[in-house]
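Participant: Sequence and predicted structure, then a few things I'm wondering about:
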Amino acid sequence: MRKISAILLVFTILALPAVFAGCGARVPDADYSDDVVYQTTVSDTENALTYSPQGVKPRYGMIFYIGTAIGPSNYDYLGKALAERGYLVVFPKFDLGLAFYMYNDDEAAFDAYRDVRFFIGGHSQGGGAALRRAQENPDRTQGLVLLAPLCYTIDGIPLTGGLDIDPSEFYNVRSSTIPTLVLQAGEDRVLSEEQRSAVFDCVNPDHCQTHVISPGSHMSFSALDNDDMLKMFNGDGDGISAEQKISQREQTTQYILDFLHRVVNG
C-alpha cells in the first residue's frame, strides 16, 4: 500500500508543473490572416445575440444594429461568417427591432468587451443608429458598415431617436477619418432615391467605399425576405429569385470581410 502511495505521489509531483502552466496559459489573440478560420460559439441572451470565435481572444469585433422588425437571428449568416474569421459580433436586441427609438446613450458591448476594437454596423433604420453611435463614440469606433441605411427624417419622425432632426445635419462623420463601407441594393423598393442618397451627406467621401449589389433588395440584407413578408414592403424583392437573394448575402459578407481585413491589417 505504501508503495502505491509513493508512486502516486511521484506522479502528482511530476504533474504539478503542467497543471500550473495550464492555469497560467494565455489565450492567444485571434489571427486576422486570410487563411485562418475558427469554430464559433453563439450566445443568445435577453439583451444580445453574440457570435464568438472559439479558443482565441478577439481583438476586433462588430456591433450590428438590426433593421426594424427584423430579429437578430435573420443576420445569422453575417454573425457566423465574421466570427469564423476572428471577430466578435454583437447584435443588441430592441423591442420590435426599433433600433432608432430604443437607442441607448450607452452601448453595453463597449463596457462588456473593453479590449475589443469595434466596427459599428447596421441595416436600414439600424444603419441610422450605427451612424449615430459612430458619431458619438469615435474613439471606440474602428470603422462603420452600413447596409441600405436609412439616415433621414421622414415627415417629422425622428429616425435616429431622441430628437426630431435631420441626421445628415447632426449625426454624421463627415469630418471624421473613420473608414466607412456603404452597401446598397440595386432594386431597393423600401428606400426612395432621396433616402438612399442621404447617407452620402453623412459620411466623409474620402474615407468611404460604396458598392451596389444588383440584383438585390432592401430586405435581402437579412434572411427575412420571404414573399409574404416582402409584400408588406412595397413588393421589395419582386422578380428576384431565391438564389439571387442568397447571392446578395454572400456578396455582402465578402464585401464586409474584405473591408474589415483592409482596415485591420492596414
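Facilitator: Thanks, I have it. Numbers count the residues shown, from 1 in each chain.

Participant: show me where pLDDT drops low in this protein?
Facilitator: 1-24, 97, 100-101, 152-170, 229, 231 (pLDDT under 70).

Participant: Would you mind finding the longest helix in it?
Facilitator: helix 242-265 (DSSP state H).

Participant: and that one, what other elements does it pack with?
Facilitator: strand 60-65, helix 76-84, strand 117-123, strand 141-147, strand 180-185, strand 208-213 (3 or more CB pairs under 8 Å, 6 or more residues apart in numbering; DSSP states H and E). Bear in mind the C-beta positions are built from the backbone N, C-alpha and C, glycine included.

Participant: Which parts of this structure are helices?
Facilitator: Ranges of helices in the chain, per DSSP H, are 2-23, 76-84, 108-112, 125-136, 167-170, 193-198, 227-230, 242-265.

Participant: Now the fourth one: buried residues?
Facilitator: Neighbour counts using 16 or more other CB atoms under 10 Å place Q125, G126, G127, G128, A129, A130, L131, R132, R133, A134, Q135 of helix 125-136 among the buried residues.

Participant: What of the third one?
Facilitator: When burial is assessed from 16+ other CB under 10 Å, helix 108-112 yields the following buried residues: A109, F110.

Participant: from now on call the first residue 76
Facilitator: Understood, numbering begins at 76; the last thing we discussed is helix 183-187.

Participant: Run through who's touching that helix.
Facilitator: N122, A123, G136, I138, V165, P167, V191, F193, N212, R215 (CB atoms under 8 Å, 6 or more residues apart in numbering).

Participant: ok, so of those residues, who is nearest V339?
Facilitator: Using CB to CB, G136 is the member of the contacts of helix 183-187 that lies nearest V339, at 10.9 Å.

Participant: A158 is in contact with T115, correct?
Facilitator: Yes. The criterion here is CB atoms under 8 Å, and T115 meets it with A158 at 4.0 Å.

Participant: residues in contact with A123?
Facilitator: Neighbours of A123 in contact, by CB under 8 Å, 6+ apart: P147, V165, F166, P167, K168, A183, A184.

Participant: if we go to 10 Å?
Facilitator: Applying CB atoms under 10 Å, 6 or more residues apart in numbering, we find A123 in contact with I138, P147, V164, V165, F166, P167, K168, A183, A184, A187.

Participant: Apart from its neighbours in sequence, what residue is nearest R271?
Facilitator: Leaving aside its chain neighbours, R271 sits nearest to Q259 (6.0 Å; criterion: CB to CB, 6 or more residues apart in numbering).

Participant: and the one you found, bridged to which residues?
Facilitator: Beta-bridge partners for Q259, by DSSP bridges, are V287.

Participant: Quick check: it vs Q284, distance?
Facilitator: 12 Å (CB to CB, to the nearest Å).

Participant: So those two - more neighbours on which side?
Facilitator: Q259 (21 against 13; other CB atoms under 10 Å).

Participant: That one and D300: what is the separation?
Facilitator: For Q259 relative to D300 (CB to CB), the value is 16 Å.
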